[in-house]
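[1] need a 3D model of the sequence below.
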Amino acid sequence: MRPAVLTGEHYMTGDVACAEGALAAGCLFFGGYPITPATEVAERMSHRLPEIGGTYIQMEDEIAAMASIVGASCAGAKSMTSTSGPGFSLMMENLGLAVITETPCVVVNVQRAGPSTGLPTQGAQGDMMQARWGSHGDYEIIAMAPASAQEIFYQTIDAFNLAEKYRTPVLIMTDEVIGHMSERVVIPDAREIKTIERVKAKGRKDRYRPYAAGDLGVPPMANAGDGYKVHVTGLTHDEMGYPAMTVEAQAAMMERLMGKIQNNRDDIIRYEEFMIEDADYIIVTYGVSARTGRAAVEEARAQGIKVGMLRLITVWPFAEEKIRDLASKAKGMVTVEINLGQVHLEVERCVAGRVPVKLVGHPGGTLISPDTVIHTIKQEFGV
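    Prediction:
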């Protein structure tokens with residue numbers, strides 16, 4: 001019987017590293033439905049969860065898979081699912097349910113080229129706007145993008161910590177290339193892994209208000225079965241969780257739901273700067289495309305062109321203050337992503353015409369070449 005944390009050096013794929021990160025974070029429930037290129041996450045969890053006393057369930061579809069992790073989390077378990085393309089679309093309604101019921105959980109999207117079934121075995125980053133706006137209504141979401149198998153291990157732990165801290169679903173927006181790429185992954189001793197648990201309800205059980213703001217605007221959470229009175233609904237609700245069909249109740253609920261993410265942006269947003277201090281041109285990128293971006297920066301520097309890179313580790317909420325700051329210092333910016341310009345729209349919005357912004361992207365199926373990025377910088381900015 002193996003432990004939850006497999007301390008040591010391993011050679012594993014991003015999908016497997018993601019599953020191991022979930023176990024290291026304390027995940028004890030996985031509900032999923034197999035789909036390429038995310039199946040290996042579910043497969044690993046199906047082997048490993050029974051070893052540590054956890055539960056793996058293969059559901060009948062992705063709608064049920066998403067519903068199952070919401071239910072498991074309400075019962076107190078850290079829960080996760082994984083999917084891709086069409087499966088991510090099917091999860092959108094229950095993702096919204098997790099948002100409004102403030103149910104912490106982690107959803108992994110191993111992106112592939114779409115729309116529809118698209119290219120099931122080839123990578124893309126075409127679900128980034130769906131991650132932000134895919135469910136209905138206004139809401140805030142946290143979405144992260146790993147750039148290596150090692151990073152997805154730690155990022156999955158981080159995703160669980162953010163989900164528990166802010167009582168919200170967190171998305172890991174990886175892709176087929178990272179998911180299927182085998183790399184060295186170092187898993188530390190379990191005592192070195194910091195995990196966060198949701199703030200639990202305290203006090204008289206008959207006076208518990210499950211949606212009354214606590215620290216950071218996040219309500220303490222009672223597990224189903226703990227004896228607290230808990231009413232869970234997807235309807236607009238008051239602090240007791242009871243349906244409240246008024247404009248005032250909708251405004252109050254939304255202000256807190258949005259505020260607990262927006263007011264804590266500095267704690268949530270992560271990014272990496274690479275050779276950016278003296279850069280004339282800034283590459284903005286994320287996920288597997290950051291590997292292209294880093295190679296392009298190094299080659300451009302070798303050619304005497306001052307290029308730097310901002311890698312978005314947290315894509316949503318968007319690092320708009322950082323983008324605006326960089327736009328005030330650079331001569332031009334380039335968004336590198338494997339789609340036709342989704343995050344690029346956000347970069348353009350934040351730059352707001354201060355400097356020219358160009359897209360290097362395509363609709364998926366292969367990586368972007370660093371040479372293409374350098375060619376674009378030379379051609380578009382007259383370098």
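[2] what's the neighbour count on Gln111?
    33 (other CB atoms under 10 Å). For glycine as for every other residue, the C-beta is placed from the backbone atoms N, C-alpha and C.
[3] likewise for Ala300?
    24.
[4] wasn't it part of a helix?
    Yes - membership of Ala300 in a helix is supported by DSSP: H, G, I helix; E, B strand; the rest coil.
[5] ok, it to Met333 distance?
    Applying CB to CB, to the nearest Å, the value for Ala300 to Met333 is 14 Å.
[6] what sits in contact with each of these two?
    Tyr281 (CB atoms under 8 Å, 6 or more residues apart in numbering).
[7] please work out which residues outside stretch 193-211 touch it.
    Contacts of stretch 193-211 (CB under 8 Å, 6+ apart): 5, 24-26, 102, 104, 157, 160-161, 164-165, 167, 214-215, 218-223, 226-231, 237-241, 253.
[8] 6 Å instead, please
    24-26, 104, 161, 164-165, 219-222, 227-228, 230, 239-241 (CB atoms under 6 Å, 6 or more residues apart in numbering).
[9] not counting residues beside it along the chain, what's closest to Ser135?
    The shortest distance from Ser135 to any non-neighbouring residue, by CB to CB, 6 or more residues apart in numbering, is to Gly96 (3.5 Å).
[10] ah, wrong one, I meant Gly287
    Ala145 is the one closest to Gly287 (CB to CB, 6+ apart), at 3.9 Å.
[11] pLDDT score assigned to that neighbour?
    We have a pLDDT of 98 for Ala145.
[12] list the contacts for it?
    With the criterion set at CB under 6 Å, 6+ apart, Ala145 makes contact with 173, 286-287, 315.
[13] go with 8 Å
    125, 172-174, 286-287, 312-315 are the contacts of Ala145 under CB under 8 Å, 6+ apart.
[14] reformat these as a markdown table; add distance to Gly134.
    Converted to a markdown table, those look like this (distance: CB to CB, whole Å):
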| residue | distance to Gly134 |
| --- | --- |
| Gln125 | 15 |
| Ile172 | 15 |
| Met173 | 11 |
| Thr174 | 16 |
| Tyr286 | 18 |
| Gly287 | 17 |
| Leu312 | 18 |
| Ile313 | 21 |
| Thr314 | 17 |
| Val315 | 14 |
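[15] format these as CSV; extra columns: neighbour count.
    Formatted as CSV, the contacts of Ala145 follow (neighbours: other CB atoms under 10 Å):
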residue, neighbour count
Gln125, 28
Ile172, 27
Met173, 24
Thr174, 34
Tyr286, 27
Gly287, 29
Leu312, 27
Ile313, 19
Thr314, 22
Val315, 27
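[16] the strand of greatest length in the chain - contacts with which helices or strands?
    Counting by DSSP state E, the longest strand found in the chain is strand 105-113. For strand 105-113, the elements it packs on are helix 14-25, helix 62-74, strand 79-83, helix 85-90, strand 119-123, helix 149-166, strand 169-175, helix 176-180, judged by 3 or more CB pairs under 8 Å, 6 or more residues apart in numbering; DSSP states H and E.
[17] deepest-packed of those, please.
    strand 79-83 (a mean of 31; mean count of other CB atoms under 10 Å).
[18] start to end distance for stretch 254-272?
    Distance across stretch 254-272, first residue to last, is 31 Å (CA to CA, to the nearest Å).
[19] equivalent analysis for stretch 263-282, please.
    First residue to last in stretch 263-282 (CA to CA) measures 27 Å.
[20] likewise stretch 66-80?
    8 Å.
[21] sorry, back to before: what would the contacts of Ala145 look like in TSV with distance to Gly382 and pLDDT?
    Below are those laid out as TSV (distance: CB to CB, whole Å; pLDDT from 0 to 100):
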residue	distance to Gly382	pLDDT
Gln125	28	98
Ile172	39	98
Met173	34	98
Thr174	36	98
Tyr286	27	98
Gly287	29	98
Leu312	27	98
Ile313	32	98
Thr314	33	98
Val315	30	98
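[22] which of those residues fall in strands?
    Going by DSSP E, the strands hold 172-174, 286, 312, 314-315 from the contacts of Ala145.
[23] to Arg324, which of the helices and strands packed on strand 105-113 lies closest?
    Counting by CB to CB, Arg324 lies closest to strand 169-175 out of the helices and strands packed on strand 105-113; the figure is 23.0 Å.
[24] which residues sit against the helix-or-strand element of the chain with minimal mean pLDDT?
    Ranked by mean pLDDT, DSSP states H and E, the helix or strand of the chain with the weakest confidence is strand 119-123, at a mean of 95. Here strand 119-123 makes contact (CB under 8 Å, 6+ apart) with 35-37, 84-85, 111-113, 175-178, 288, 338, 364-367.
[25] give me that answer again for 10 Å
    35-37, 84-86, 110-114, 174-181, 287-289, 338, 363-367 (CB atoms under 10 Å, 6 or more residues apart in numbering).
[26] tell me, how many residues neighbour the closest residue to Glu273 other than its chain neighbours?
    Of all residues not flanking Glu273 in the chain, Leu310 sits nearest, at 6.0 Å (CB to CB, 6+ apart). Other residues lying near Leu310 total 24 when counted by other CB under 10 Å.
[27] pLDDT below threshold where in the stretch 1-150 of the chain?
    In the predicted model of the stretch 1-150 of the chain, no residue satisfies pLDDT under 70.
[28] and the residue nearest to Glu273, how far is that from Tyr228?
    Counting by CB to CB, the gap from Leu310 to Tyr228 is 44 Å.
[29] cool, and Val288?
    Val288 is 44 Å from Tyr228, by CB to CB.
[30] more neighbours: the two, which one.
    Val288 (27 against 21).
[31] how near is the closest residue to that one other than its chain neighbours to Ile100?
    With sequence-adjacent residues excluded and distances taken as CB to CB, 6+ apart, Val288 is closest to Val177, at 4.6 Å. Distance, Val177 to Ile100, using CB to CB: 34 Å.
[32] what's the answer for Thr285, then?
    Counting by CB to CB - Thr285 and Ile100 are separated by 32 Å.
[33] thank you, goodbye.
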